[in-house]
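A.B. asks: from the sequence below, what's the structure:
(one chain, ligands or ions: 1)
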Amino acid sequence: MKTPDFELPNNVDMVIGDDGHSVASMLAEKVAGVLDDRLQRPGRASLAVSGGKTPIAFLELLSCKPIDWSRVDVVLVDERCVNEDDPASNARLVKQYLLRGPASAARYVPIWQDNVSVADGCRQAEKALDLIEWPLTALVLGMGVDGHTASLFPDAPELYAALDASKPARVLALTPPSQSHPRVSLTLRALGGAQYKALHLKGMDKLEALKQASERLDDVAEMPIRLFLSLGVVVFWSA
Ligand SMILES: O=C(O)[C@H](O)[C@@H](O)[C@H](O)[C@H](O)COP(=O)(O)O
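C.D. replies: So this is what the prediction gives:
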């Protein structure tokens, strides 16, 4: 396995592909395997995925994997507070690219609804999340060059609350001024216990951000991804 030209934190492994598709394919294979392993036992598996542009090829490839999707709950790690017909909607993205073919049999657990207030949306999301058998089976995070992951943005006033694992909330509204929409995000309580954690990145800019995040894990407020680097993730990256 190729290694980056900087030291990764102890709990972080890295899979480097030749291109975005090869990484998406390796990640889809790995996540399908993790879900299938979980499905060898009674009960349901759960998968939390990210929005944005990076995961599209991965979601498409995962959707074709022949696992018992009828026993898999799919949830977003975050959502923009927009209706599903808005191009910015992550629900729209996951339904377009993942919940099709074999994976259309999965149960989608929504963390946002159309035409709701943020308070009502969060209340409905918390209730929906009770359907999931926690902890998550598999989690695939993305990352911005500012070190945000999910909607845990450095400039969000609600960041500390979202990272406080002692709080009962599994979903929280965040209002990062850097973003054009208010967000809802799964919290550390919901994300931190995932049995398999992957971080899916593409591009030199994201590698540079990962290097910066890896240099000092203590300042989580500056780069929230640091929390997940400390917990342990497998980074899947290509240039
Ligand atoms: O709603 C979102 O935007 C995502 O959940 C977010 O956390 C994303 O993973 C990063 O912003 C990277 O996005 P790209 O893959 O588009 O670079």
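
A.B. asks: near the ligand, which residues of this structure? Just list them.
C.D. replies: For the chain, the residues in contact with the ligand under the definition Cβ under 6 Å from any ligand atom are 50-54, 77-78, 90, 142-144, 148-150. All C-beta atoms are positioned from the backbone trio N, CA, C, and that covers glycine.

A.B. asks: please save the CA atoms from the longest helix seen in the chain in PDB.
C.D. replies: Under DSSP state H, the helix in the chain containing the largest number of residues is helix 20-38. As requested, C-alpha coordinates have been extracted for helix 20-38 and formatted as PDB (Å, rounded to 0.1, in the frame of the first residue of the first chain):
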ATOM      1  CA  GLY A  20     -11.200   8.500  -8.000                       C
ATOM      2  CA  HIS A  21     -13.000   5.500  -9.500                       C
ATOM      3  CA  SER A  22     -10.500   2.900  -8.200                       C
ATOM      4  CA  VAL A  23     -10.800   4.400  -4.700                       C
ATOM      5  CA  ALA A  24     -14.600   4.500  -5.000                       C
ATOM      6  CA  SER A  25     -14.600   0.800  -6.100                       C
ATOM      7  CA  MET A  26     -12.300  -0.200  -3.200                       C
ATOM      8  CA  LEU A  27     -14.400   1.700  -0.700                       C
ATOM      9  CA  ALA A  28     -17.700   0.200  -2.100                       C
ATOM     10  CA  GLU A  29     -16.200  -3.300  -1.800                       C
ATOM     11  CA  LYS A  30     -15.000  -2.700   1.800                       C
ATOM     12  CA  VAL A  31     -18.300  -1.100   3.000                       C
ATOM     13  CA  ALA A  32     -20.400  -3.900   1.300                       C
ATOM     14  CA  GLY A  33     -18.200  -6.500   3.100                       C
ATOM     15  CA  VAL A  34     -18.600  -4.700   6.500                       C
ATOM     16  CA  LEU A  35     -22.400  -4.600   6.000                       C
ATOM     17  CA  ASP A  36     -22.500  -8.200   4.900                       C
ATOM     18  CA  ASP A  37     -20.500  -9.300   7.900                       C
ATOM     19  CA  ARG A  38     -22.900  -7.600  10.200                       C
END
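
A.B. asks: can you list contacts of whichever helix or strand comes after it?
C.D. replies: Using DSSP states H and E, the helix or strand that follows helix 20-38 towards the C-terminus is strand 45-49. For strand 45-49, the surrounding residues in contact (Cβ atoms under 8 Å, 6 or more residues apart in numbering) are 31, 35, 38-39, 55, 59, 71-77, 94, 98, 106, 132-134, 136-140, 186, 190-191, 194.
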